[in-house]
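Enquirer: generate a structure from the sequence data that follows.
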Amino acid sequence: MKEFYEFGLWQKEDRIASIGCGYGWWEVSLCLHHPIQHLTLVDPLVQQEDIQDSIDYFTEKTGLTWKTEVEINPDKLTQKDQIWVFNAWHEFEDRTAMLAKIYNALNDGGTVIIEEEISKTERLQHDGCGKDLFFEQEIIDEFKQAGLQYVATQVKDEVAIYLKFRK
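Expert: Here you go, the predicted model:
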């Protein structure tokens, strides 16, 4: 978590969206330790009570106070300073359309941070869903084609990396 914050370096006044967030465990934990103004969570499976359960769990576990406004599954994403995609890029069926939504949702100078398991020498499949995992350069090329500038890569662990892009 500390590495992700140091890679993302968001500010208290930022408005961040997380796409494919599941129950928001990563997002809630990150924003509890490093609060932001507004967090938008996007996932067809997430409900408000799921996020409240996550907030309750982490606030009880840490003793910290929740300070971030939360929005679940809005009709449209707009005016975001950052967009996060945690281990979900391989899940999207129409990544071109998703990239267009991401691009349009970002403020000028806004960033996208992807955390993703990747293929390294041969095409691998995700253990959880069986879908193909991308090579790092494939992801970079997709984002560049969508008009986003590649900023950096950081190794997370032996299977995953963080990628950062800027509008």
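Enquirer: separation between Glu13 and His38?
Expert: 9 Å (Cβ to Cβ, to the nearest Å). All C-beta spots, glycine's among them, are computed from the backbone N, C-alpha and C.
Enquirer: Tyr103 contacts Phe165, doesn't it?
Expert: No: Tyr103 is beyond contact range of Phe165, at 9.7 Å (criterion: Cβ atoms under 8 Å).
Enquirer: find the nearest non-adjacent residue to the most centrally placed residue in the chain, please.
Expert: The centre of the chain sits closest to Trp84, judged by Cα atoms, centre = their mean, with a distance of 1.9 Å. In space, not counting the residues next to it along the chain, Trp84 is nearest to Ser18; the distance is 4.3 Å by Cβ to Cβ, 6 or more residues apart in numbering.
Enquirer: contact partners for the one you found?
Expert: Gly24, Trp26, Glu27, Leu39, Thr40, Leu41, Val42, Ile83, Trp84, Val85, Phe86 (Cβ atoms under 8 Å, 6 or more residues apart in numbering).
Enquirer: circling back: helix, strand or coil for the residue nearest to the centre of the chain?
Expert: strand (DSSP: H, G, I helix; E, B strand; the rest coil).
Enquirer: ok, it to Trp10 distance?
Expert: 9 Å.
Enquirer: so for the two, which residues contact both of them?
Expert: Ile16.
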